[in-house]
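1. 3D, please:
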Amino acid sequence: QPQLVEFGGGLVRPGGSLTLSCEATGFTLEYYSIGWFRQAPGKERESVACISSSGGRTFYERSAEGRFTISRDNVKSLVTLVMNNLTPEDTAVYYCAAQENYCSSYLSLYKYWGQGTQVTVSS
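-> Okay, here's the model as predicted:
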């Protein structure tokens, strides 16, 4: 059964860093683009970053540009999001999702979703 599991969330102080990971099981990750999304309390889920199936192309929303780095290891079926210089505005539940086409910020295009991992940025 296809499944995505996120881990690595937690509590971090402003200016700190966290690394989120997304592990895929039950399907061949290398055929899918992977997006990271987040949802803050009371807000809609939004795109953060995306990486193409081969890893050759990456995309970042403005909020993540220059601070976050997405990468993948298709052999390990793992996608990583390194988040630096975190601010309280980054507090949200972070989700990874997979789709068979090119990277997109449209949630409806993604076929598989993880259960999310909480990231809290607070002093």
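
2. which SS class is the most centrally placed residue in the chain?
-> With distances taken as Cα atoms, centre = their mean, the chain has residue 36 as the residue nearest its mean C-alpha position (2.4 Å). When classified by DSSP: H, G, I helix; E, B strand; the rest coil, residue 36 comes out as strand.

3. ok, for it, nearest residue in space, not its chain neighbours?
-> Nearest residue to residue 36, sequence neighbours excluded (Cβ to Cβ, 6 or more residues apart in numbering): residue 48, at 4.4 Å. All C-beta atoms are positioned from the backbone trio N, CA, C, and that covers glycine.

4. Check which element follows the helix or strand where the one you found lies along the chain.
-> If you go by DSSP states H and E, residue 48 is part of strand 46-51. Toward the C-terminus, strand 46-51 is succeeded by strand 58-60 as the next helix or strand (DSSP H and E).

5. Next, the buried residues of that next one.
-> Residues of strand 58-60 classed as buried: 59-60 (neighbour count, 16 or more other Cβ atoms under 10 Å).
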